[in-house]
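Colleague: sequence-free structure coming up:
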């Protein structure tokens, strides 16, 4: 039979190890995110069909959830939709939506 102190010590060591693993995962994700958005290639990008509104908001340093309402969209739970999916749902050509989004971005930056 294991001594009670050894059992408590084993539980504490396990908790500390799990906390360190969680902190490492969060730290790595944070650094990757910061490095990605620090890259000039990801800042102030021209809208493309594969992009989401959130991606464009981050790229252009706009407030979160600012483009959707400006396009007349209500937030929907689940996976973010690409501009191509939004254009399809609205029944309009992607080029028209890309132009509209570009104009909204420029207007919000002023």
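Modeller: Cool, got the structure. This structure is a prediction, so every number in the text was calculated from the model and none was measured. Residues are numbered from 1 along each chain as shown.
Colleague: Could you use CA atoms for every contact and neighbour count after this?
Modeller: OK.
Colleague: Hmm, residue 45 and residue 59 touching each other?
Modeller: Yes - the pair residue 59 / residue 45 is scored as a contact, 6.5 Å apart, by Cα atoms under 8 Å.
Colleague: of the two, who's got more company?
Modeller: Neighbour totals were compared for residue 59 and residue 45, and residue 59 leads with 19 against 14 (other Cα atoms under 10 Å).
Colleague: How about the more buried one: what's its closest non-neighbour residue?
Modeller: Distances taken as Cα to Cα, 6 or more residues apart in numbering put residue 43 closest to residue 59, at 4.6 Å, once the chain neighbours are dropped.
Colleague: Just give me the neighbour total for residue 101.
Modeller: 22.
Colleague: List the buried residues in the helix or strand hosting it.
Modeller: Using DSSP states H and E, residue 101 falls within helix 94-109. Going by neighbour count (16 or more other Cα atoms under 10 Å), the buried part of helix 94-109 is 94, 97-98, 101-102, 105.
Colleague: do stretch 63-80 as well
Modeller: Buried residues in stretch 63-80, counted by 16+ other Cα under 10 Å: residue 67.
Colleague: mean confidence for it?
Modeller: Across stretch 63-80, pLDDT averages out at 87.
Colleague: Residues contacting that stretch, please?
Modeller: 52-54, 57-58, 101, 104-105 (Cα atoms under 8 Å, 6 or more residues apart in numbering).
Colleague: The same query, at a cut-off of 6 Å, please.
Modeller: Outside stretch 63-80, not one residue touches it by Cα atoms under 6 Å, 6 or more residues apart in numbering.
Colleague: can you check stretch 89-101 too?
Modeller: 84, 87.
Colleague: how about a cut-off of 8 Å?
Modeller: Defining contact as Cα under 8 Å, 6+ apart, one finds that stretch 89-101 is touched by 47-49, 67, 71, 83-84, 87-88.
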